[in-house]
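> what would the 3D arrangement of this be:
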Amino acid sequence: MSRTVVVALGGNAILSHGQKGFWEEQLHNVNKTAQQIISLISKGYHVVVSHGNGPQVGNIYLQNQISKEVVPPLPLYACGAESQGYIGFMLQQSIKNMLAKNGIDKQVVTLVTQVLVDKNDEAFKKPTKPIGPFYNREEAMQIKKTQNIEMIEDGGRGWRRVVPSPKPLEIIEKDVIKNLVSDGVIVIASGGGGIPVIKDEEGNLKGIDAVIDKDLASALLASELDAEILLILTDVEKVCINYNKPDQREIDKISTQHAKQYLLEGHFGTGSMKPKVEAAISFVENSRRKAIIAKLDKLVDAICGNTGTCVC
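You can find the predicted model right below:
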């Protein structure tokens, strides 16, 4: 699996903040994202793509709740599976079209991916994962009061619903993904952190309502694939300490030890940079390889070491 890169796409790769979520908006963003991925493939890397689904799964769940008197609603984990399918379709089609334009003969596939979690994970007692649309404070407090839904302020961008986000333990389809990558296939997997599943008393898999953090799931996927690099793409060029303060400082390279110290000091936002740094640490410590956190449109520069934050 040498020269394999797991690319974890942030939500801005599919739906930018402030956009409504129309199909054309998302497809336009995905087409730009596909161009970046093709530039990586052109350099000879095997690529596995994962992606976030926070806005999309929240919107699908909201649609289900609004229409429940007409159509039976789906559980949250099924909404996650639905988002995996349609986002994967957009990425798969865009990447395939871009491969053809560049004369690259490769296949692309989206794999609906299950991820094992612990049914006793403490996350089920304390929801923390923001999903769905943004609201102002007044709207959020009204929703919390009338619908008994937990809401939090998300990174200064507005208020959102929060759901449980358990720790990913195993990528169920990891062997299938390995085989596909070995055959030269570009794989889109573990979308939205994967569909959360538990094992019942008989060892059967069963879906559970939650949304797994896609960065932590991507780190696990990269470790299980023995990938060379975990590349976490977001909307900022580098990780910063003292973010949005007069003494803000960008980080070019950081050890896992120092990254852990900054986490303890509270430098990284819970709904934004914190899970990305935690995911980078997890992958590096499990694999002894490197993780890079960088801006989406600087993907190739980041791989070449010219931008982004390298965690090693």
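> okay, CA-based contacts and neighbour counts for the rest of this
Fine.
> all helices for the stretch 201-312 of the chain, in order.
Listed in chain order, the helices of the stretch 201-312 of the chain (DSSP state H, counting those that start in this stretch) span 214-224, 256-264, 274-287, 299-303.
> which elements pack onto the shortest one?
Meaning helix 299-303. helix 23-41, strand 290-295 (3 or more Cα pairs under 8 Å, 6 or more residues apart in numbering; DSSP states H and E).
> tabulate the ones you listed (a markdown table), appending mean neighbour count and mean pLDDT.
Formatted as a markdown table, the helices and strands packed on helix 299-303 follow (neighbours: other Cα atoms under 10 Å; pLDDT from 0 to 100):
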| stretch | mean neighbour count | mean pLDDT |
| --- | --- | --- |
| helix 23-41 | 17 | 92 |
| strand 290-295 | 26 | 96 |
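> taking their axis directions, the longest helix seen in the chain and helix 23-41 sit at what angle?
The longest helix of the chain (DSSP state H) is helix 76-101. Angle, helix 76-101 to helix 23-41, by axes from the mean of the first three to the mean of the last three Cα atoms, to 10 degrees: 60 degrees.
> which parts of helix 76-101 are buried?
Across helix 76-101, burial judged by 16 or more other Cα atoms under 10 Å covers 76-85, 87-88, 90-96, 98-99.
> run the chain-centre distance for it.
13 Å (Cα atoms, centre = their mean, to the nearest Å).
> elements contacting it?
Short answer (3+ Cα pairs under 8 Å, 6+ apart): helix 76-101 packs on helix 23-41, helix 54-66, strand 108-111, strand 186-189, strand 195-199.
> neighbouring strands - and their directions - for the helix or strand just after the longest one?
Put plainly, it is helix 23-41. As assigned by DSSP states H and E, the chain's next helix or strand after helix 23-41 is strand 46-51. Strand 46-51 pairs in its sheet with strand 4-9 (parallel), strand 186-189 (parallel), by DSSP bridges.
> got the contact list for strand 46-51?
Contact partners of strand 46-51, identified using Cα atoms under 8 Å, 6 or more residues apart in numbering, comprise 3-11, 37, 40-41, 181, 184-193, 214, 218.
> so how far is it from its chain's centroid?
On Cα atoms, centre = their mean, the centre of strand 46-51 falls 11 Å from that of its chain.
> what angle do it and helix 214-224 make?
Using the same axes, to 10 degrees, strand 46-51 lies at 150 degrees relative to helix 214-224.
> ok, now how distant is the nearest residue to residue 293 once chain neighbours are set aside from residue 91?
Nearest residue to residue 293 in three dimensions, chain neighbours excluded: residue 232, at 4.7 Å (Cα to Cα, 6 or more residues apart in numbering). Residue 232 sits 17 Å away from residue 91, taking Cα to Cα, to the nearest Å as the criterion.
> related to what we said a few turns ago, please list only the buried members of the contacts of strand 46-51.
Here, 16+ other Cα under 10 Å leaves 4-11, 37, 40-41, 181, 185-193, 214, 218 buried among those.
> before we move on, back to that, dump the helices and strands packed on helix 299-303 to CSV, plus distance to residue 129.
Output for these, formatted as CSV (distance: least, Cα to Cα, whole Å):
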stretch, distance to residue 129
helix 23-41, 22
strand 290-295, 20
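> would you map the strands across the stretch 101-250 of the chain?
Using DSSP state E, counting those that start in this stretch, the strands of the stretch 101-250 of the chain run over 108-111, 114-116, 129-135, 151-153, 159-163, 170-171, 186-189, 195-199, 205-207, 229-234, 239-241, 249-251.
> alright, that wraps it up for me.
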